[in-house]
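1. 3D model of this:
(one chain, ligands or ions: 1)
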Amino acid sequence: MKTHTQQLLKQLQLVGEQLAILIDPDKFKLHQTEAMVKALPSKTDYLFVGGSTATGQQTEACIKSLKQQTDLPIILFPGHYQQVCQAADAILFLSLLSGNNPDYLVHHQVASVPHLRASKLEILPTAYLLIDGGRPSSVERVSQTSAIAQTEVELIVNTALAAEFMGKQLIYLEAGSGALYPVSTEVISAVHKACRLPIIVGGGLKTQHQIEQAYQAGASLVVVGTAFEQQFI
Ligand code: 1GP
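-> Numbers count the residues shown, from 1 in each chain. Purely as a prediction, here's the structure:
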């Protein structure tokens with residue numbers, strides 16, 4: 001097995017207030033790549049590529065096309081192990097700790113190993129916590145798990161701390177794509193106070209104000225998908 005450099009993990013640990021734009025290969029149109037890359041906010045640090053339903057082929061075509069237009073690091077945000085793609089730079093190795101479906105806690109991860117062993121992808125061990133964003137999310141539908149209510153702050157903090165004790169390197173607080181409201185600043189700051197790991201926040205972030213609030217509450221990285229995507233679909 002090749003050694004994976006921990007370059008992006010270090011960046012995520014050391015640099016605050018970063019921005020990732022999420023591209024869903026299922027909605028991505030190859031002929032729009034150039035325009036899409038030009039429209040990226042100047043502050044963009046990473047591209048996340050993935051979605052609940054995208055195929056491996058769509059994911060690979062999307063990443064190869066993006067790679068021709070930009071040097072930004074591309075991080076896989078896989079909804080399924082078949083989205084593992086060697087053309088990316090890194091992968092969020094997600095475990096859906098807010099739910100109790102063993103498929104998304106460990107089975108998909110085991111199934112992805114034959115693809116990962118042969119790859120140079122940097123592996124980012126990430127605890128993925130689905131938090132209620134005001135409407136059913138595709139993560140809930142696909143994983144058949146329920147989101148944690150935003151009022152269950154203690155449960156969210158305990159889950160994040162359990163992740164830290166397990167050795168995860170990143171905490172991802174996810175309100176779901178197209179969420180009516182994002183993860184609250186109260187939740188982000190409670191996790192930030194209790195937990196040493198960098199916090200990624202995504203789902204339902206539509207305005208610069210919401211993004212700033214997430215940073216101020218303790219998010220190291222925010223992820224924006226729908227609000228960017230709407231310019232292209
Ligand atoms: C990434 O699922 C989010 O965490 C993306 O959410 O599409 O609502 O920006 P939006």
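2. would you mark the buried spots in stretch 217-230?
-> Within stretch 217-230, the residues that qualify as buried are 217-229, counting by 16 or more other C-beta atoms under 10 Å. Quick note: C-beta positions are derived from backbone N, CA and C, even for glycine.
3. how long is it end to end?
-> This stretch, stretch 217-230, spans 27 Å end to end (C-alpha to C-alpha, to the nearest Å).
4. what does this structure put close to the ligand?
-> 22, 174, 176-179, 202-205, 223-227 (C-beta under 6 Å from any ligand atom).
5. the ligand: which of the residues you listed is nearest?
-> Minimum separation from the ligand among the residues of the chain next to the ligand (C-beta to the nearest ligand atom) is found for Gly202, which lies at 2.0 Å.
6. hang on, isn't Lys64 packed against Gln86?
-> No - the pair Lys64 / Gln86 is not scored as a contact, 10.3 Å apart, by C-beta atoms under 8 Å.
7. please say which of the two ends up with more neighbours.
-> Neighbours were counted for Lys64 and for Gln86 using other C-beta atoms under 10 Å; Lys64 has more, 15 against 12.
8. show me the contacts for the most centrally placed residue in the chain.
-> In the chain, the centroid-proximal residue (C-alpha atoms, centre = their mean) is Phe77; its distance is 5.2 Å. Listed by C-beta atoms under 8 Å, 6 or more residues apart in numbering, the contact set of Phe77 reads 22, 48-51, 92, 94, 223.
9. with adjacent residues omitted, what lies nearest to it?
-> Nearest residue to Phe77, sequence neighbours excluded (C-beta to C-beta, 6 or more residues apart in numbering): Gly50, at 3.5 Å.
10. quick check: longest strand of this protein.
-> Determined from DSSP state E, the single longest strand within the chain is strand 122-130.
11. toward the C-terminus, what is the element adjacent to that one?
-> Going down the chain from strand 122-130, the next helix or strand is helix 138-143, by DSSP states H and E.
12. picking that back up, redo the contacts of Phe77 as JSON lines? Include secondary structure.
-> Putting the contacts of Phe77 into JSON lines (DSSP: H, G, I helix; E, B strand; the rest coil) gives the following:
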{"residue": "Leu22", "secondary structure": "strand"}
{"residue": "Phe48", "secondary structure": "strand"}
{"residue": "Val49", "secondary structure": "strand"}
{"residue": "Gly50", "secondary structure": "coil"}
{"residue": "Gly51", "secondary structure": "coil"}
{"residue": "Leu92", "secondary structure": "strand"}
{"residue": "Leu94", "secondary structure": "strand"}
{"residue": "Val223", "secondary structure": "strand"}
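13. closest to the ligand among the residues you listed?
-> Among those, Val223 lies closest to the ligand (C-beta to the nearest ligand atom), at 4.0 Å.
14. surely that closest one and Ile211 touch.
-> No - counting by C-beta under 8 Å, Val223 does not reach Ile211; the two are 10.0 Å apart.
15. hey, what's in contact with both of the two?
-> With C-beta under 8 Å, 6+ apart, Val223 and Ile211 have common neighbours Leu205.
16. nearest residue to Ser83 other than its sequence neighbours?
-> Small correction: residue 83 is Gln, not Ser. Using C-beta to C-beta, 6+ apart and skipping the chain neighbours, the partner closest in space to Gln83 is Thr59 (4.6 Å).
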